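Undergrad: model this:
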Amino acid sequence: MAVILLSTALMIVVALLVAASAGKLARMDGATYPAALTRAAAAFAAALALATAMAAALTEILT
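TA: From the prediction side, this is the model:
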């Protein structure tokens, strides 16, 4: 149970870092704040979706 909680927390932290990086890069590219926030939210959702897909695939392999 602890491994699951720890890996979930790690996935969320990585997704937050991806979102922050995407927002910063969008602002450096000249995007407005709402556009940068939209890009950051899309990157956050994509990172969580990728992590979920990987977890589901590993569950299928390991069980």
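
Undergrad: Next, count neighbours for residue 18.
TA: Here the number of neighbours of residue 18 (other C-beta atoms under 10 Å) works out to 17. For glycine as for every other residue, the C-beta is placed from the backbone atoms N, C-alpha and C.

Undergrad: tell me which element it falls in.
TA: helix 2-28 (DSSP states H and E).

Undergrad: What residues of that helix count as buried?
TA: 11, 15, 18, 19, 22, 23, 26, 27 (16 or more other C-beta atoms under 10 Å).

Undergrad: Nearest to residue 54 among those?
TA: residue 11 (8.9 Å; C-beta to C-beta).

Undergrad: what's the closest non-adjacent residue to the closest one?
TA: Excluding the flanking residues, the one nearest residue 11 by C-beta to C-beta, 6 or more residues apart in numbering is residue 51, at 4.2 Å.

Undergrad: can you pull the contacts of the one you found?
TA: Counting by C-beta atoms under 8 Å, 6 or more residues apart in numbering, residue 51 makes contact with 11, 14, 15.

Undergrad: is it possible to export these to CSV including distance to residue 61?
TA: As requested, these are arranged in CSV below (distance: C-beta to C-beta, whole Å):
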residue, distance to residue 61
11, 18
14, 21
15, 22
